[in-house]
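1. Pasting a predicted model and its sequence here:
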Amino acid sequence: MAIYLIEKQQKRDDVLKNLLIQLLRHRNETLIQYNQESTTLNFIHRTTELNLYFISILIDEPTNHVSKLIETIQKSDTNSQIVLVTDTELYEQNLKAKWSAIVILNKNDYFMHFAENVENQVNYYFQQKQQGNHQTIIIKDRTRMMKIPLNRLRYVESNGMHKIRFVGKNLQYEFYLPLNQIEHLHEDLLRIHRSFIVNKMAVKDVSRGKRLVQLKDNTLLPLSRTYFNGVIHDLEQVCK
């Protein structure tokens, strides 16, 4: 297991590299840095272990090159956790449209927001590493920290004022956090609307025409046009 930082021009990624060094300072973990050419050719090997890849993408980089790199990692490293990092909002949206299931961060975002999202990905990696198949997510704000079992969580709702609510079986907690910090904490959490994230395992049915997601407890949640194309396939696969 290791954390990899992969970029085309290594000197341009000092901000991300320094963040990762700080986050790993008191943890027994390896940070390995590669450029993209050496990555594709040399180091990727078949493994069932969990590895975390931060891949920095330049705006002038051909999409097919990025696709090849991602496919190579996913085929060789079956449990890989991939985070794409760009530096422009337009390219961020293009990447999200193509790889909706992969976490995408913008390092030119407000720095504290970017740093928190990087920390969330590192924390999720260590959480998965330590807990194995025990599926929980760790939520923390300025006042508290809590473990929430995924098998009890149905959805997460935002009121638009940085107040979010976790709703599930015998579960209802509120935190003061932006919703976009939650969607990347686990692969089963899926953003379906600007105000809702759903646990894919809690989904019963999807209505394309009405753009509604029905949960197993018959709760109906809206599926917005913004997220429709990116998530409809994932949800229909879950419902089969």
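-> Structure received. Numbering: from 1, shown residues only.
2. Hmm, Asn151 is touching Ile137, no?
-> No - counting by CB atoms under 8 Å, Asn151 does not reach Ile137; the two are 11.3 Å apart. Bear in mind the C-beta positions are built from the backbone N, C-alpha and C, glycine included.
3. So between the two, which is more surrounded?
-> Neighbour totals were compared for Asn151 and Ile137, and Ile137 leads with 22 against 12 (other CB atoms under 10 Å).
4. follow-up on the earlier one: any common contacting residues for Asn151 and Ile137?
-> Common contact partners of Asn151 and Ile137 (CB atoms under 8 Å, 6 or more residues apart in numbering): none.
5. Residue most distant from the centroid, the chain?
-> Relative to the centre of the chain, and counting by CA atoms, centre = their mean, the farthest-placed residue is Gly209 at 27.8 Å.
6. Tell me how far that residue lies from Leu235.
-> In this view, Gly209 and Leu235 are 14 Å apart by CB to CB, to the nearest Å.
7. cool, Tyr155 as well?
-> As judged by CB to CB, Tyr155 and Leu235 stand 13 Å apart.
8. Overlap in contacts, those two.
-> With CB under 8 Å, 6+ apart as the test, Tyr155 and Leu235 both reach Val198.
9. Have a look at those two and say which one is more surrounded.
-> Set side by side, Tyr155 and Leu235 show more neighbours around Tyr155, with 22 against 17, by other CB under 10 Å.
10. and the closest residue to the more buried one other than its chain neighbours, helix, strand or coil?
-> Nearest residue to Tyr155, sequence neighbours excluded (CB to CB, 6 or more residues apart in numbering): Val198, at 4.8 Å. Secondary structure, DSSP: H, G, I helix; E, B strand; the rest coil: Val198 is strand.
11. hey, what's Val198 bridged with?
-> Judged by DSSP bridges, the bridge partners of Val198 are Tyr155, Leu190.
12. how much space between it and Asn120?
-> Taken as CB to CB, the span from Val198 to Asn120 is 19 Å.
13. Which pLDDT value does the model give the closest residue in space to Ser224 that isn't next to it in sequence?
-> Nearest residue to Ser224, sequence neighbours excluded (CB to CB, 6+ apart): His193, at 4.5 Å. Here, the pLDDT recorded for His193 equals 92.
14. what do you get for Ile197?
-> At Ile197, the model reports a pLDDT of 94.
15. How far does the longest helix anywhere in the chain sit from its chain's centre?
-> Criterion DSSP state H: the longest helix present in the chain is helix 111-131. In terms of CA atoms, centre = their mean, to the nearest Å, the gap separating the centre of helix 111-131 from the centre of its chain is 9 Å.
16. Would you mind pulling the contact partners of that helix?
-> Outside helix 111-131, the residues touching it (CB under 8 Å, 6+ apart) are 1, 3, 16, 19-20, 23-24, 27, 29, 50, 52, 54, 81, 83, 103, 105-109, 136-138, 178, 180-181, 184-186.
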